[in-house]
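Chemist: sequence-free structure coming up:
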């Protein structure tokens with residue numbers, strides 16, 4: 001979840017020399033292809049030892065063979081984009097079907113709307129919220145729990161970022177300036193009276209987008225802005241993620257993690273930070289934990305504990321599904337947020353114009369942090385309040401959730417029971433200045 005330099009993408013490693021930048025991705029693709037015969041044999045073996053007509057199926061040996069085959073299949077599979085699976089929700093005690101549809105689209109993003117199909121209109125409108133999902137390796141479905149928690153009392157939209165390897169090179173580059181433009185354009189499409197919520201990485205571009213809109217006196221500026229576990233000022237309580245960028249420097253990132261998309265993907269020859277490298281980074285941070293989880297999966301498969309097996313499958317089907325990031329966007333993100341700290345220093349620009357958060361006056365601000373967050377340290381998101389100095393005190397809120405890490409800021413039981421109600425009250429109050437003043441006085 002890195003960020004970059006506004007005002008022009010850094011030059012890419014060996015730009016114009018695909019021979020030097022492509023082999024890493026080609027080798028990955030060849031490795032995947034070479035595993036296909038083994039995967040086919042393993043799958044056939046698993047089916048054989050799960051067949052009720054096979055006398056070995058109910059034996060310890062048969063169950064162990066089937067479990068080993070599933071483990072091999074899952075650890076060598078290339079996981080595709082998960083489904084949302086949010087078919088209905090409960091509003092005011094009534095189950096309501098939900099249809100997920102795109103209401104705006106550009107090459108690198110779709111704006112999805114979770115349309116609740118009411119039998120009769122609500123008596124009063126509910127807050128409309130645009131959730132800006134991280135563009136940091138995982139798909140927007142990582143926020144399935146976030147969306148699910150907001151659906152009962154909110155009209156929900158979310159950014160669905162595209163896998164860069166699926167975007168043809170003819171569609172052009174995508175950098176941080178484009179990201180900010182996308183956010184502004186989506187707020188225009190929603191037509192005002194919208195609350196924007198950034199989860200982690202998007203916090204910086206969302207603050208930039210709102211600052212630009214305020215400087216232009218844009219009538220479609222959001223009613224409120226909620227930032228959750230975002231790296232606004234990574235100089236505060238720097239984490240391992242923050243320190244890595246400082247230690248390695250931009251040249252290391254350009255020369256080590258950037259490659260070109262190979263044939264036959266639609267984005268062939270596009271410069272990307274590939275998903276398989278990101279996944280390697282995610283897993284290596286907690287390798288022992290992931291190894292233990294797969295050992296438990298094997299034991300539970302042999303034991304026949306369906307509930308625990310299903311929980312493991314659900315989590316890793318999402319966790320192991322990753323997408324490629326545009327190299328320009330990724331490098332700018334790292335450079336701007338973790339290396340140069342451009343936003344808190346007042347040096348961030350968008351298409352040549354300085355981003356000035358002190359221009360934000362009409363937008364209420366809420367920041368949320370996790371007490372044990374090891375990705376965005378305590379105080380990094382709270383720094384937004386210092387930058388947005390023109391927002392009146394009664395229209396700003398900061399909340400630290402006790403006992404949760406980074407993931408718990410936007411998902412899990414404490415998120416649903418303690419964070420969501422606070423954000424809902426904040427959004428309702430933000431739309432009503434007198435209520436906001438009363439909330440601040442409490």
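Modeler: Done, it's in. Every value quoted in this text rests on a predicted model; they were computed, and no experiment measured them.

Chemist: now residue 238: closest residue in space, sequence neighbours ignored.
Modeler: With C-beta to C-beta, 6 or more residues apart in numbering as the criterion, residue 238 has its nearest non-adjacent residue at 6.3 Å, and that residue is residue 377. For the C-beta atoms, the positions are set from N, CA and C on the backbone; glycine is no exception.

Chemist: wait, is that neighbour part of a helix?
Modeler: No. With DSSP: H, G, I helix; E, B strand; the rest coil as the criterion, residue 377 is assigned coil and is not in a helix.

Chemist: what about the residue nearest the centre of the chain, which SS state?
Modeler: A centroid search over the chain (C-alpha atoms, centre = their mean) returns residue 134, at 2.8 Å, as the residue closest to the centre. Counting by three-state DSSP, the backbone at residue 134 sits in coil.

Chemist: over to residue 368?
Modeler: Assignment for residue 368 (three-state DSSP): strand.

Chemist: give me the distance between the residue of the chain positioned farthest from its centre and residue 49.
Modeler: Within the chain, residue 55 marks the point farthest from the mean C-alpha position, 46.5 Å out by C-alpha atoms, centre = their mean. Distance, residue 55 to residue 49, by C-beta to C-beta, to the nearest Å: 11 Å.

Chemist: also residue 173?
Modeler: Residue 173 sits at a distance of 50 Å from residue 49 (criterion: C-beta to C-beta).

Chemist: which residue of those two possesses the greater neighbour count?
Modeler: Using other C-beta atoms under 10 Å, the more surrounded residue of residue 173 and residue 49 is residue 49, with 20 against 16.

Chemist: please name the nearest non-neighbouring residue to that one.
Modeler: Distances taken as C-beta to C-beta, 6+ apart put residue 66 closest to residue 49, at 4.2 Å, once the chain neighbours are dropped.

Chemist: all the helices of the stretch 201-350 of the chain, residue numbers only.
Modeler: For the stretch 201-350 of the chain, the helices defined by DSSP state H, counting those that start in this stretch occupy 203-215, 240-248, 250-256, 275-285, 287-303, 306-319, 327-333, 342-345.

Chemist: state the mean pLDDT of the first one.
Modeler: Mean per-residue pLDDT for helix 203-215: 97.

Chemist: other SSEs contacting that helix?
Modeler: Helix 203-215 sits against helix 176-190, strand 195-199, strand 224-228, helix 342-345, helix 384-387, with contacts defined as 3 or more C-beta pairs under 8 Å, 6 or more residues apart in numbering; DSSP states H and E.

Chemist: export these to CSV and tack on mean pLDDT?
Modeler: CSV is the format used below for these (pLDDT from 0 to 100):
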stretch, mean pLDDT
helix 176-190, 97
strand 195-199, 97
strand 224-228, 98
helix 342-345, 96
helix 384-387, 97
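
Chemist: between the ones you listed, which gets nearest to residue 353?
Modeler: Each of these has some distance to residue 353 by C-beta to C-beta; the shortest is helix 176-190, at 10.3 Å.

Chemist: buried set for that closest one?
Modeler: 176-187, 190 (16 or more other C-beta atoms under 10 Å).

Chemist: okay, these in a markdown table with distance to residue 424 next?
Modeler: Below are those laid out as a markdown table (distance: C-beta to C-beta, whole Å):
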| residue | distance to residue 424 |
| --- | --- |
| 176 | 30 |
| 177 | 33 |
| 178 | 32 |
| 179 | 27 |
| 180 | 27 |
| 181 | 29 |
| 182 | 26 |
| 183 | 22 |
| 184 | 25 |
| 185 | 26 |
| 186 | 21 |
| 187 | 20 |
| 190 | 18 |
